[in-house]
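S.K.: no FASTA, just this:
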């Protein structure tokens, strides 16, 4: 139940962060604006890396900043760190404990690059080693699978992006997030039904592109952690460069497809997967025509702008995994082989 | 047989590229050295993206250049390209035809950033749109699944890395590649046996880290394209942040584990997967102790430096997929749902 409670706490967590998080974001943004920054170098693992992928799209689209995902082994295994001047080096970690992420931040500090830690523990080694630090303020997360800390990481990145750009229009859009998430949480039955229908799947593919790619990645990771389904994840573009060969009749595909400038392309692909390949399609969307392409659909609340959709769209994914675990007779509270803090070098 | 021939042509392709490719690489390197370059922005899809991941590690380790993998949708879907000044923008594509990769290069040119195309067709739209162009000279590739063009892309990147760094020691190491690949091709029987043993697998995980992560990615893509196995891929570090939960007794894991500074950590993980989780382990290595951890082992030729290992280690992976397809009664020449040139926006 701990996991279920944490999933349901997200409207409150997001609301509190919106209310209390802005001063720290503003001071970090001011420090970043004081430096010449050509690009972002971002280090993270697991769920936090999926948050980083969201950052890759919004910092690229709205702040003009390309984002390079770090290869931590260059720092900690090969001892050959790349040159990071003119980079903003960001480390994201719920616990702030992972030695490889700390290694990247320490190298950035040593090289004189600007560093920023985003953690759920402002006293963690990662937060203490970076020049700037943002606390995602999600409260202690007890379940092994990260849920509320993921959406709080996304919101922190979204707040940083619009504050850095001094974009008051986008900043105003943030306010609708808690209620959009609450809307999803108030109607769990269709999610339970979808989980029941797919309860025997052994593997699947999760698709999403652009802003929504992060949701595909995180949904797929939660499926693996909580339900042991071998869940591949692809952008809808990448998928067509090879992996589409996998799809045979009945193959389960979970599509993250909210309203988006790319929606027509996504719909064409889903149509092809349904008609030509006979895939079993679970579609996540706020759009009727897109939902109609699926064998099952989960409706997202309307009106969330596409750049913010990931903070909302992962929530039905989290609940789906929770209910799929139960339907499979698993205990979603304690996934096998995992611990809350993973220390890789 | 076309695919098998192309796999077997690789010693010849690599040798010809080493013999004829250097002048073009030298002139590209000279043009790059003339500019201030802070980082690389790299756009590619599918097999070419896996080559780009290899580039991420070697340009980071030996040229001090961070590599950001492009998010093409920022250019072609959202029409919000990030700012690319001080970037070297590289597009990699076998055909040189993919509109989204061309879109990234065109934006780089427009922004005044230095651009480089790496293709198998110097007259392709991608090659023509970039300021600099390198021809991987692999000859026409007829099989849908890319093999010789992948190793030729890796070698082109390796040649560019050591030429840019004016590193004659690493440049001398390139000469051993054709014979190392030929050694693998001369002993196909153990590969046939491993494919036979795993012929009924429905899914698996392919692991590799650092330089070897590219091989894990490409091996996994070939498995999907040619054998329809749902093949997940992870760095050994990332794997421990969640996906390890998937592994139950008998779960097939393919490990790319050549000699490397990280070998002890990899061995510890493989030991844990074998002892605690009862995984079915196929190990690719040049090291006896590492090979001994597997239920099956495929031996790599000794003495290949770890930064060049990916050009060699993918070859048994390609052959494994070819033979696995045959063992499963599939035609490896014509994977379902794929065409040689994929044009995504």
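M.R.: Nice, thanks for sending it over. Quick caveat: nothing in here was measured; it's all calculated off a predicted structure. Residues are numbered from 1 along each chain as shown, chains lettered A, B, ... in the order given.

S.K.: Nearest to chain B within the stretch 201-345 of chain A, name that residue for me.
M.R.: residue A:241 (3.2 Å; C-beta to the nearest C-beta). C-beta: built from backbone N, CA, C; applies to glycine.

S.K.: what residues are up against that residue?
M.R.: Residue A:241 makes contacts with B:45, B:46, B:47, B:342, B:344, as judged by C-beta atoms under 8 Å, 6 or more residues apart in numbering or on different chains.

S.K.: could you redo the last one with a cut-off of 6 Å?
M.R.: For residue A:241, the contacting residues are B:45, B:46, B:342, by C-beta atoms under 6 Å, 6 or more residues apart in numbering or on different chains.

S.K.: Surely residue A:6 touches residue A:143?
M.R.: Yes: with contact defined as C-beta atoms under 6 Å, residue A:6 reaches residue A:143; the gap is 5.4 Å.

S.K.: related to what we said a few turns ago, closest to residue B:221 out of the contacts of residue A:241?
M.R.: Ranked by distance to residue B:221 (C-beta to C-beta), these are led by residue B:46 at 6.7 Å.

S.K.: That closest one and residue B:188: what is the separation?
M.R.: 26 Å (C-beta to C-beta, to the nearest Å).

S.K.: higher neighbour count, the two?
M.R.: More crowded of residue B:46 and residue B:188, by other C-beta atoms under 10 Å in any protein chain shown: residue B:46, with 25 against 17.

S.K.: ok, the more buried one to residue B:63 distance?
M.R.: 25 Å.

S.K.: Residue A:254 too?
M.R.: In terms of C-beta to C-beta, residue A:254 sits 39 Å off from residue B:63.

S.K.: Same drill for those two, tell me which one is more crowded.
M.R.: Comparing residue A:254 with residue B:63 by other C-beta under 10 Å, the one with more neighbours is residue A:254, at 31 against 23.

S.K.: hang on, the more buried one in a helix?
M.R.: No: secondary structure of residue A:254 (DSSP: H, G, I helix; E, B strand; the rest coil): strand, not part of a helix.

S.K.: quick one: contacts for it?
M.R.: By C-beta under 6 Å, 6+ apart, the residues touching residue A:254 are A:206, A:282.

S.K.: ok, now with 7 Å
M.R.: If you count contacts by C-beta atoms under 7 Å, 6 or more residues apart in numbering or on different chains, residue A:254 has them with A:204, A:206, A:219, A:282.

S.K.: now residue A:106
M.R.: residue A:129.

S.K.: Is my assumption valid that it occupies a position in a helix?
M.R.: Yes: counting by three-state DSSP, residue A:106 is located in a helix.

S.K.: ok, residue A:260 - how many residues close by?
M.R.: Applying other C-beta under 10 Å, we find 26 other residues in the vicinity of residue A:260.

S.K.: Also the one 4 residues further on?
M.R.: Look at residue A:264: counted by other C-beta under 10 Å, it has 11 neighbours.

S.K.: Looking at it now. What's its pLDDT?
M.R.: Looking at residue A:264, its pLDDT reads 91.

S.K.: Can you tell me the SS state at it?
M.R.: Recorded secondary structure, residue A:264: helix (three-state DSSP).

S.K.: I'd like the distance between it and residue A:215.
M.R.: From residue A:264 across to residue A:215, the span is 19 Å (C-beta to C-beta).

S.K.: Residue A:56: helix or strand, and which one exactly?
M.R.: Using DSSP states H and E, residue A:56 sits within helix A:46-63.

S.K.: Show me what secondary structure element comes after that helix.
M.R.: Using DSSP H and E, the helix or strand that directly follows helix A:46-63 along the chain is strand A:67-69.

S.K.: Now do that following strand: which elements does it pack against?
M.R.: Judged by 3 or more C-beta pairs under 7 Å, 6 or more residues apart in numbering or on different chains; DSSP states H and E, strand A:67-69 is in contact with strand A:39-43, helix A:46-63, strand B:67-69.

S.K.: relative to helix A:46-63, how tilted is the first one?
M.R.: Okay, so that is strand A:39-43. 170 degrees (axes from the mean of the first three to the mean of the last three C-alpha atoms, to 10 degrees).

S.K.: Strand A:39-43 vs chain B: in contact?
M.R.: Yes: using C-beta under 7 Å from any C-beta of the partner chain, strand A:39-43 comes into contact with chain B via A:39, A:41.

S.K.: Reformat the contacts of residue A:254 as CSV; add neighbour count.
M.R.: Below are these laid out as CSV (neighbours: other C-beta atoms under 10 Å in any protein chain shown):
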residue, neighbour count
A:204, 23
A:206, 27
A:219, 27
A:282, 23
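
S.K.: how close does the nearest residue to residue A:179 once chain neighbours are set aside sit to residue A:50?
M.R.: Of all residues not flanking residue A:179 in the chain, residue A:11 sits nearest, at 7.1 Å (C-beta to C-beta, 6 or more residues apart in numbering or on different chains). Separation of residue A:11 from residue A:50 (C-beta to C-beta) stands at 21 Å.

S.K.: Residue A:322: what secondary structure?
M.R.: helix.

S.K.: before we move on, what about residue A:150?
M.R.: Secondary structure, three-state DSSP: residue A:150 is helix.

S.K.: That one and residue A:47 touch, don't they?
M.R.: Yes: the pair residue A:150 and residue A:47 passes the contact test of C-beta atoms under 7 Å, sitting 5.1 Å apart.

S.K.: of the two, who's got more company?
M.R.: residue A:150 (30 against 25).

S.K.: List the residues that contact the more buried one.
M.R.: Residue A:150 sits next to A:47, A:51, A:218, A:314 when contact means C-beta under 7 Å, 6+ apart.

S.K.: again, 10 Å this time
M.R.: Contact partners of residue A:150, counting by C-beta atoms under 10 Å, 6 or more residues apart in numbering or on different chains, are A:10, A:46-48, A:50-51, A:54, A:94, A:136, A:138, A:141, A:214, A:218, A:221-222, A:310-311, A:314-315, A:318.

S.K.: follow-up on the earlier one: any residues in contact with both of residue A:150 and residue A:47?
M.R.: Here residue A:150 and residue A:47 share the contacting residues A:94, A:218, A:221, A:222, A:314, scored by C-beta under 10 Å, 6+ apart.

S.K.: Name the nearest residue to the fourth one, ignoring sequence neighbours.
M.R.: Here the nearest residue to residue A:222 in space, its sequence neighbours aside, is residue A:321; by C-beta to C-beta, 6+ apart that works out to 4.3 Å.

S.K.: That neighbour is in contact with residue A:227, isn't it?
M.R.: Yes: with contact defined as C-beta atoms under 10 Å, residue A:321 reaches residue A:227; the gap is 5.8 Å.

S.K.: Need the overlap of contacts for these two.
M.R.: The contact sets of residue A:321 and residue A:227 overlap at A:195, A:332 (C-beta under 10 Å, 6+ apart).

S.K.: So which of the shared contacts of residue A:150 and residue A:47 is the closest to residue A:176?
M.R.: For these, the residue nearest residue A:176 by C-beta to C-beta is residue A:314; the value is 16.2 Å.

S.K.: mind checking pLDDT for that closest one?
M.R.: On the pLDDT scale, residue A:314 is placed at 98.

S.K.: quick one: it and residue B:70, what's the gap?
M.R.: To residue B:70, residue A:314 is 24 Å away according to C-beta to C-beta.

S.K.: Next, count neighbours for the residue nearest to residue A:222.
M.R.: For residue A:321, the number of neighbouring residues by other C-beta under 10 Å comes to 28.

S.K.: quick one: contacts for it?
M.R.: Residues near residue A:321 by C-beta under 10 Å, 6+ apart: A:3, A:7, A:145, A:147, A:191, A:195, A:219-227, A:229, A:231, A:332.

S.K.: Repeat the analysis, applying 8 Å as the threshold.
M.R.: Neighbour list for residue A:321: A:145, A:219, A:222, A:223, A:225, A:226, A:227, A:332 [criterion: C-beta under 8 Å, 6+ apart].
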